[in-house]
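Student: After the sequence you'll find the predicted model.
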Amino acid sequence: MADNAVKRNAPTPWTDGASAPLIHFEGISKRFGDFVAVDHVDLAIYPGEFFSLLGASGCGKTTLLRMLAGFETPTGGRILIDGVDMTGIPPYERPVNMMFQSYALFPHMSVEDNIAFGLKQDGLAKAVIRDKVARSLDLVQMSRFAGRKPHQLSGGQRQRVALARCLAKEPKVVLLDEPLAALDKKLREQTQLELVNIQDRVGITFVMVTHDQGEAMTMSSRIGLMNAGRIEQVGSPVEIYEYPGSRFVADFIGAANMFEGTVKGGGGRLAIACPELAHDLEVAHADPLPAGSAVTVMVRPEKMMISRDKPEAGLNWAEGVVADIAYLGDVSIYHVRLTSGRKVQALQTNLRHTEEQRLTWDDAVHLSWHPANALVLTR
Amino acid sequence: MKAVSGRAGRFLVGLAPYAWLVLFFLIPFLIVFKISLSEARMGIPPYMPLVEWADGAVAQWHISLAGYGALFSDDLYALAYLSSLRLAAIATIGCLLLGYPAAYAIARSPGHVRQPLLMLVALPFWTSFLIRVYAWIGILKNEGLLNMALQALGIIDEPLQILETDWAVSIGMIYSYLPFMILPLYATLEKMDLSLLEAAADLGCKPFKAFLAVTLPLSMPGIIAGSMLVFIPAVGEFVIPDLLGGPDTLMIGKVLWAEFFDNRDWPAASAVAVAMLVVLVVPIMAFQHFETKRAEREG
């Protein structure tokens, strides 16, 4: 089905300057005793976004989500939802619904009653409730299981019921706490796109917490990468991957080869002296930096070409020996030991069946990359 | 070879408690049941043998249902049963009303104080049950601690007659059986997933409503288990009504005692005992039925 495909050219309200954010964190902090879980976070999330808070465990992403839901009280700052200050508003009066990591389905109620629970709290008429429950069940394709108890469902089915329960109240925001963590790999990948499609159909803003970068990249309109209670970078998956703002981000998302160096000069196209390599590196499209600045040059493995032959002029290059090969079928990752002794990764697509051209252990190789495909990091 | 001896071992381990129950519960019960069918007489023992033997053959049967007849002809027994059920029900409800908040508070308290609090619940067991019930006489009697305190505070002018009433029996039973209510309630409340309450709040449910809609139904197994643990022994309770109750306190345990030791009518006393067992078996079976249903429901 064509309309089931993930939208490619979704609007980007965070860039147009005209849209008002739906959720606004203003200098939000949370301390537990001496431990600072969330440290002065400023963040705006716009209507219709699928926003992911990504980070390692303990980075504060879950605490941030729980403050949005009202389960934790910020020790500083405030949260606005649709312009309304949420300070002092209890969870049961907030226009958000959360899907818990454990799903938190009521074990003594049927699927139907679980979904109707939130609607009953609003005092809706019975017929309206029945109608909304039926629609929610239909949305997640669980209509056949309306009468089952949670323990009679599989993990994937429980996950759908939990989602339906969140959506039934048509909240302004749906919060997802590691929604796919309990599913096995295959089901998880399948559910990722399905979740995005459902979000697209209902048009509700989703805020998801995840530690899985693949999940965040696949599903999100934007990602907020968190580290030690702070937001390191906010951006679309492409921005985060291609233009990481710091060494931490470059290292956290995907794999990164990093070369330490010093700026020698140049405007727009920087020349960087790199003691590890015998020659200077060139980086195109870099912000001008004063000579002598210490920088890191970052190159993603798939942007490195690997060959026995000497690369053509105009490319950056390095020499080394193949130390390890990870053959993954579709691609191979070559771990190349440079003359300096450091290992660098290069990724190559296995375009042919045949083995003859393929590199093998201890082959002397040249790595090369275009100046436009490297990035200068100053943090 | 090993598997066989393992199975035999398991069988023996399983057999031991059954052997214990047969020896010390089933056989005495059969003896009591036999006596309940005998004819009363003056002598030692105070009942006729069921069967008279002569020349290796049955000479005469002496089976009498007089003991059971007494249960129906004299309304004392029916009244005692009803009164026992009533007092046991009061004790159960009292324990539930006091025990639920206590169990809830312990289950929701921070981890490091939970164990000390549970210890405090079990602490009374370190003293003799009899002594603790005696102590209540000192508290409840007319010139006891409670009346003195109430008079000193000017709440009452004349001492309240609490001792030797059903009030004292109820207080004594609630006090004695409270730990049996708190412990199973604590066990169910403690293992409850607290994210369920967060989910309820998230879906717009206020805390007290969430308690009624989520916590209470999920703690039902604990409520049932605790109630059974209180109700069943409370029905047959003898020591508490004997020490704290008055002449009007009618409980089947007391009637049983009077029948055995004051009237020396062993067949009638045994019939009362058998009937009490039947009265108690019904709630136990109801409990079992509920438990199996619950087990089925939870898969």
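Tutor: Cool, the structure landed.
Student: Where do the strands of chain B begin and end?
Tutor: Per DSSP state E, chain B carries strands over the ranges B:51-54, B:57-61.
Student: same check, this time on the stretch 201-350 of chain A
Tutor: Secondary structure of the stretch 201-350 of chain A by DSSP state E, counting those that start in this stretch: the strands cover A:205-210, A:222-227, A:230-235, A:257-265, A:270-273, A:281-283, A:294-299, A:305-307, A:316-327, A:331-338, A:343-349.
Student: Please name the residues that touch A:F117.
Tutor: A:106, A:109, A:165, B:200, B:203, B:205, B:213 (CB atoms under 8 Å, 6 or more residues apart in numbering or on different chains). Every C-beta, even on glycine, is put in place using the N, C-alpha and C of the backbone.
Student: Give me the subset of the residues you listed lying in helices.
Tutor: A:165, B:200 (DSSP state H).
Student: Taking the contacts of A:F117 together, which two end up most distant?
Tutor: The distance between the two most remote of the contacts of A:F117 (CB to CB) is 14.1 Å, for A:R165 and B:A213.
Student: so where's the stretch 251-379 of chain A shaky on pLDDT?
Tutor: A:267, A:355-357 (pLDDT under 70).
Student: Can you name the residue of it nearest to chain B?
Tutor: Residue of the stretch 251-379 of chain A nearest chain B, by CB to the nearest CB: A:F252 (28.1 Å).
Student: count of neighbours near that residue?
Tutor: Neighbour count for A:F252, taken as other CB atoms under 10 Å in any protein chain shown: 21.
Student: what sits against it?
Tutor: A:54-56, A:213, A:225, A:227, A:232.
Student: Relative to B:T127, how far out is it?
Tutor: Relative to B:T127, A:F252 is positioned 62 Å away (CB to CB, to the nearest Å).
Student: rewinding a little: so which of the contacts of A:F252 comes closest to chain B?
Tutor: Of the contacts of A:F252, the one sitting nearest to chain B (CB to the nearest CB) turns out to be A:G55, at 21.0 Å.
Student: Tell me if I'm right that the closest one and A:L225 touch.
Tutor: Yes. With contacts counted by CB atoms under 8 Å, A:G55 reaches A:L225, the gap being 6.3 Å.
Student: circling back: A:R165 and B:A213 - which one has more neighbours?
Tutor: A:R165 (30 against 20).
Student: Quick check: closest non-adjacent residue to the more buried one.
Tutor: In space, and not counting its chain neighbours, A:R165 is closest to A:I115: 4.9 Å by CB to CB, 6 or more residues apart in numbering or on different chains.
Student: Quick one: name whatever helix or strand follows the helix or strand hosting that neighbour.
Tutor: Assigned by DSSP states H and E, A:I115 belongs to helix A:111-121. The first helix or strand that comes after helix A:111-121 along the chain, using DSSP H and E, is helix A:126-139.
Student: for the stretch 101-250 of chain B, what spans make up the helices?
Tutor: Remark: helices assigned in the stretch 101-250 of chain B by DSSP state H, counting those that start in this stretch are B:111-122, B:129-140, B:145-152, B:166-190, B:195-202, B:207-210, B:216-218, B:220-235, B:239-244.
Student: And for chain A?
Tutor: A:13-16, A:61-69, A:111-121, A:126-139, A:155-168, A:185-202, A:213-219, A:237-242, A:247-252.
Student: Counting by contacts, list what the first one packs against.
Tutor: Okay, so that is helix A:13-16. Judged by 3 or more CB pairs under 8 Å, 6 or more residues apart in numbering or on different chains; DSSP states H and E, helix A:13-16 has no packing partners among the helices and strands.
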